[in-house]
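Colleague: the sequence isn't on hand, but the structure is:
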C-alpha cells in the first residue's frame, strides 16, 4: 500500500517542469516525478492521462511518435513554446502562493 | 481560438487518437508491470475521463440518444406513423399559411434594389387616399433629394384594342417604370427614359406576355407594328417577359407612357389637374437613406406645395411610405387579418400537439418497465428526461419534413389555382424553412415536455395531464368549427339573400367624362342624352345616375363611431330617381329634388343607430357649411361595402358640378342580356372618343363572392381536420383507458353493475374536460369573432345557428368517440378476463 501522496492540483505544473528538460513518454513522466520527489509523489494513470489530454487541448504540450528504451513505438510528449510560457507563469504563481501560505502558517 | 480548432480536430480524428491513447496506456501498463507495480485500473473508465477533457461528451450522449430514440420509434411503427402524421398536419397548416404570407408580404420582388422601393400615399388625420394628382407627383419628383427615382402609375378602365368586343386592361406609367425595375423585354424593348420622355415621341405601347400570346399569336413580328387603342394608332415597341414582376401586383395587358395619356384619352386634362387624384406614386430611396428620412423631406415638400397650390393639399397632409418591394403593399389593416389567420392555424397546431402528447402519455405507461430498469442501473432523472426529449425531437424533425413537403404541395396548388405572377415559386425559401424550424421546436416543446416530465418523475397519476390535453383539443376544435360555421353561414347568406339592391339586373356605365375634358354642362348634356336613349332600349326598366357605381373600382368611405359602435360610412351622390332605379326602398320621407342642396338621405341602420327611437326626418347632420337635413331614409344597400355589416350609406343629391364624375346605372326588366352591347353602340354614337366602362353586375357580384366561398371552404377543411384529429385522439385515449382498467370493469360487471354505471365509471374523467373545453372554446370564439364582422356579409358574429351547429357536431362526435370504445367493454368476456391474473 503506497503511502505516497497524489500531487493532484499541481500536476500540470510538475509535468511542465519535467518536460522542460526533454520529451518523455507517459510512463517516464510518472516515473520521473516519483523519483525526483524521492518516492513521495505517486501519479496514478487515471490522473496522468486526463491531465495530459487537457494540456494537449490547451496547446501546452504536443505528442509525437518515438521509440522507447524498450524498442517499442510510443508517443513522446514535448513542451511547446506556449507551454514554456505557461510553465513560467505557473512557477511564479506557485512561488507566490507557497510563500503566502508559509507566511500564514508561521504567524497564525 | 486555436483551442477550438484543436477541439474540432480531435472530433474529426477520434478514431486515430483513441488508438494512440490506448497504446500509451498499454505501454504504461507494461512498464509498470515490469517494475512490479500492478496499478490496475479500469482502462475504459480512464479513457472516458481522458475524453471528457476535450469537452465533446455532450455530443456523444446526443448521438447515443438519437440512435436509441430512433430505434424505439422504429419498433413502434403504428405510434410513430400516427404521431408523425398528426404533427405533420398541424405543422403543415401553419407553414402553408406562413408561406402564403411570405409570398405576399415578405418575399422581395426579383428586381434590383427591391428593398429601396417604397409606395407613397397621401394621408392626413381625417383622410386617406391611395392616389395623388399628376402635377403633385411631378413636384415631388423634381424636388425630392432622398429619392433616386419616382414612378407614377395611372390605372384606367379597360380600353378598346382594335375592334375587339371585350375591352383590354391597360395602364399608363412613367417611362422609367421598366428601367427602374430592371425588366428585360422578351421581345423588342421596354420604355427607355432617354428616348421616350418627351411628349413629342411617337405614341408607343408595350404588350404583356399573356396578351402577346393570346391576341397576337406569339408572333415576334408584332414589334414595330401599329395597333389601335381607343382607335388611336400606336407602335408596339416590346413585350414584357414571361415572369414579369410588376409593382403592386398589377398585370395590365397594355402599357403606355403616362405623358401620352392625353393622346389616347382625348381631351383629358388629368395631367395638368391639381385636384384630380389619378396616379399611384412609387419611389426608390437613395442608397443608404432610410424611409423615415425620406418621409421627413416629403413632409416639408408637402408644406411647400400647400403654399403654392393649396387646392392640391389637405390640411395636415403628409406623405406616408410603405415598403413597396414585395408582391403587395402591406397596409396596416393587413396585419389584423394576418393575426386572425395566425390564431386559427395555431389552434390546429394545439390540437395536433395535444393529441400527440396524449399518445405519448399513453405509451409512457407501457414503457414503465424499461425506464425502471434504466433508473435502477444508475441513469439520473436528468438523463432520462433528456433522452425522452430527444425522442420527441426526432418525431418533431420527421414531422417537420413531412409538414414542409405538405405545405410546398399546397402552395403549388394555390399558385396554379389563382393564376399568380409567374416569378413566384412554391419552393420554400429560407424564411419558410426558418419558420418551420421555429414552429417545430415550439410544438415539440408543447407535446414533448409535459409527458417527458411526467415520465421522468414516474408519477402514477397521469389523469390530470390527460384531462388537460383532452380539454385543450376540445377547446381548439370548437373555436375552429365555430369560425368555420360562421363563414359557411356568411357564404350562404351572401348567395341567397338580397343585399338590398337588385344586383342581378343591373348594368353600370362609367364614361369618366371628367377625364375626357368634359365641362359640367357638356357632361350633363351627354348624360341626359344617354339616359333618354337607353330608356328606349327594350328590356330596360329604369335608368339613373350615381357617382360611385355599385361594386365599383373606387369608393370613398370614412370610419365613424356612434355610441361606441363602429360604422363605416359610404357617401355617394345620386340623381333623384336613383332609388327607384336600383330598387332600393325608401322607408321614410322622400327622394331628392333635382340638385337639392343641404339635403341628405341616410340608410336605415345608420339612422337607427344615430337617433335610436326618434324620428330621423328633419334631423341635422354635419355642421357649418356642410350642414344638411335628413329628408329620407332608404333601406340598407351596401352597394360599395358589400360584405361589411357595419356599412352605412349616405346619399347626397347630385349637383351640376358632379356631372363629369357621374356614372349611369341601368336596371333591366329581366335578364340584362344584350343591354351592354346596345349601350356601347349608343355611347359610340354620342361621342366616339369616349369609351365608357360597361359592367354587368351579376358577374362582378359572383366574382366578389368567390373569395368568401374559398375562404369558407378552407376554414371548414381545417376545422374538420381538427375535429377528426381530436376525435381520433379521443377514441385512442378511451380505448387505452379501457384496456388499462379491464380487470376493474370485469369485476364490476361480475358484481352485477349495470352497463350505464360501468360506462360512467370509466368515462367520468372525461366529463369535465369536455364541458370546460366547449365553454372555453365558445367564449374565445365569441370574443374573437368580432373581428370577422367586416367579412361576414351581415351574419352576426354571435349567430346562434352557427354556434349550435358547430358545438352540436363537436359534442356529438366527441361523445361517439368516447362511447364506442367504451361500449366495447360491455361485451367483454368477463370470465376469461378474471381468469387472467
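Modeller: Received, thanks. Bear in mind that the values here come from a model prediction, so they are computed numbers and not experimental data.
Colleague: mind showing which ranges of chain A have poor pLDDT?
Modeller: For chain A, residues meeting the criterion pLDDT under 70 lie at A:1-7, A:108.
Colleague: go ahead and confirm residue B:704 touches residue B:640.
Modeller: No. Proximity of residue B:704 to residue B:640 does not meet the contact threshold set by Cβ atoms under 8 Å, at 11.2 Å. C-beta here means a position set from N, CA and C on the backbone, and glycine is covered the same way.
Colleague: who has more neighbours, those two?
Modeller: Set side by side, residue B:704 and residue B:640 give different neighbour counts by other Cβ atoms under 10 Å in any protein chain shown, the larger being at residue B:640 (21 against 17).
Colleague: got a list of what the closest residue to residue B:11 other than its chain neighbours touches?
Modeller: In space, not counting the residues next to it along the chain, residue B:11 is nearest to residue B:56; the distance is 5.7 Å by Cβ to Cβ, 6 or more residues apart in numbering or on different chains. Counting by Cβ atoms under 8 Å, 6 or more residues apart in numbering or on different chains, residue B:56 makes contact with B:7, B:10-11.
Colleague: out of the residues you listed, which are buried?
Modeller: When burial is judged by neighbour count using 16 or more other Cβ atoms under 10 Å in any protein chain shown, the buried members of the contacts of residue B:56 are residue B:10.
Colleague: quick one: list the elements packing against the lengthiest helix in chain B.
Modeller: Ranked by residue count, the top helix of chain B under DSSP state H comes out as helix B:697-740. Under the contact definition 3 or more Cβ pairs under 8 Å, 6 or more residues apart in numbering or on different chains; DSSP states H and E, helix B:697-740 sits against helix B:77-101, helix B:332-366, helix B:463-496, strand B:506-510, helix B:755-784, helix B:800-826.
Colleague: my read: residue A:11 touches residue A:47, true?
Modeller: Yes. Taking contact to mean Cβ under 8 Å, the distance of 6.5 Å between residue A:11 and residue A:47 places them in contact.
Colleague: neighbour count winner among those two?
Modeller: The residue with more neighbours, out of residue A:11 and residue A:47, is residue A:11; 21 against 17, by other Cβ under 10 Å.
Colleague: who touches the most centrally placed residue in chain A in this structure?
Modeller: The structure's chain A has its C-alpha centroid closest to residue A:15; by Cα atoms, centre = their mean the separation is 1.5 Å. Remark: with contacts taken as Cβ under 8 Å, 6+ apart, residue A:15 is in contact with A:29, A:33, A:51-52, A:55, A:61, A:77.
Colleague: of those, grab the buried ones for ChimeraX.
Modeller: Here is the ChimeraX command that selects the buried residues among the contacts of residue A:15 (16+ other Cβ under 10 Å):
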select /A:29,33,51,52,55,61,77
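Colleague: on contacts alone, who are the packing partners of whichever helix in chain A runs longest?
Modeller: In chain A, with assignment by DSSP H, the single longest helix is helix A:81-107. Contact analysis of helix A:81-107 by 3+ Cβ pairs under 8 Å, 6+ apart lists helix A:11-21, helix A:45-58 as its packing neighbours.
Colleague: let's have the ones you listed in CSV, adding distance to residue B:709.
Modeller: As requested, these are exported to CSV (distance: least, Cβ to Cβ, whole Å):
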stretch, distance to residue B:709
helix A:11-21, 76
helix A:45-58, 66
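Colleague: could you double-check that residue B:811 lies in contact with residue B:774?
Modeller: Yes. Taking contact to mean Cβ under 8 Å, the distance of 6.7 Å between residue B:811 and residue B:774 places them in contact.
Colleague: thinking again about what came up before, chain center to the longest helix of chain B: distance?
Modeller: Using Cα atoms, centre = their mean, to the nearest Å, we find the averaged C-alpha position of helix B:697-740 to lie 18 Å away from the chain's own average C-alpha position.
Colleague: quick check: next helix or strand after that helix?
Modeller: With elements assigned by DSSP states H and E, the helix or strand that comes after helix B:697-740 is helix B:742-750.
Colleague: what residues does chain B have near chain A?
Modeller: For chain B, the residues in contact with chain A (Cβ under 8 Å from any Cβ of the partner chain) are B:2-3, B:6-7, B:10, B:20-21, B:23-25, B:27-32, B:39, B:41, B:45-47, B:49-55.
Colleague: out of those, which sit inside strands?
Modeller: Cross-referencing these with the strands (criterion: DSSP state E) gives no overlap at all.
Colleague: re earlier: overlap between the contacts of residue A:15 and the residues near chain B?
Modeller: Of the entries in the contacts of residue A:15, the ones placed beside chain B under the rule of Cβ under 8 Å from any Cβ are residue A:52.
Colleague: out of the contacts of residue A:15, which comes closest to residue B:518?
Modeller: Closest approach between the contacts of residue A:15 and residue B:518, by Cβ to Cβ: residue A:55, at 94.5 Å.
Colleague: for the closest residue to that closest one other than its chain neighbours, give me its contacts.
Modeller: Computed as Cβ to Cβ, 6+ apart, the closest residue to residue A:55 that is not its neighbour in sequence is residue A:61, at 4.8 Å. Applying Cβ under 8 Å, 6+ apart to residue A:61 gives the contacts A:15-16, A:19, A:52, A:55, A:77-80, A:83.
Colleague: residues contacting residue B:792?
Modeller: B:486-487, B:489-490, B:493, B:643, B:645.
Colleague: make TSV from those and add pLDDT, distance to residue B:66 and neighbour count to it.
Modeller: What follows is these, written out as TSV (pLDDT from 0 to 100; distance: Cβ to Cβ, whole Å; neighbours: other Cβ atoms under 10 Å in any protein chain shown):
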residue	pLDDT	distance to residue B:66	neighbour count
B:486	86	45	28
B:487	84	43	26
B:489	84	49	20
B:490	82	49	26
B:493	80	54	18
B:643	72	51	20
B:645	73	55	20
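Colleague: now the strands for the stretch 251-400 of chain B?
Modeller: B:254-257, B:277-285, B:318-323 (DSSP state E, counting those that start in this stretch).
Colleague: so for the longest one, mean pLDDT?
Modeller: It stands for strand B:277-285. The pLDDT scores in strand B:277-285 average 89.
Colleague: may I ask which helix or strand encompasses residue A:76?
Modeller: Applying DSSP H and E, one finds residue A:76 within strand A:73-79.
Colleague: that strand packs against which elements?
Modeller: helix A:11-21, strand A:24-25, helix A:26-36, strand A:61-67, helix B:14-34.
Colleague: tell me the spacing between residue A:40 and chain B.
Modeller: In this structure, residue A:40 and chain B are separated by 16 Å, where distance is defined by Cβ to the nearest Cβ, to the nearest Å.
Colleague: low-confidence ranges in chain B?
Modeller: Along chain B, the model assigns pLDDT under 70 to residues B:36-42, B:199, B:332, B:454-462, B:623-625, B:825-826, B:828-834, B:836-837.
Colleague: in stretch B:149-165, what's buried?
Modeller: Of the residues in stretch B:149-165, those buried by neighbour count under the rule 16+ other Cβ under 10 Å are B:149-161.
Colleague: JSON lines for the residues you listed, including secondary structure?
Modeller: Below are these laid out as JSON lines (DSSP: H, G, I helix; E, B strand; the rest coil):
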{"residue": "B:149", "secondary structure": "strand"}
{"residue": "B:150", "secondary structure": "strand"}
{"residue": "B:151", "secondary structure": "strand"}
{"residue": "B:152", "secondary structure": "strand"}
{"residue": "B:153", "secondary structure": "strand"}
{"residue": "B:154", "secondary structure": "strand"}
{"residue": "B:155", "secondary structure": "strand"}
{"residue": "B:156", "secondary structure": "strand"}
{"residue": "B:157", "secondary structure": "strand"}
{"residue": "B:158", "secondary structure": "strand"}
{"residue": "B:159", "secondary structure": "strand"}
{"residue": "B:160", "secondary structure": "coil"}
{"residue": "B:161", "secondary structure": "strand"}
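Colleague: ok, those vs chain A, which is closest?
Modeller: residue B:149 (56.7 Å; Cβ to the nearest Cβ).
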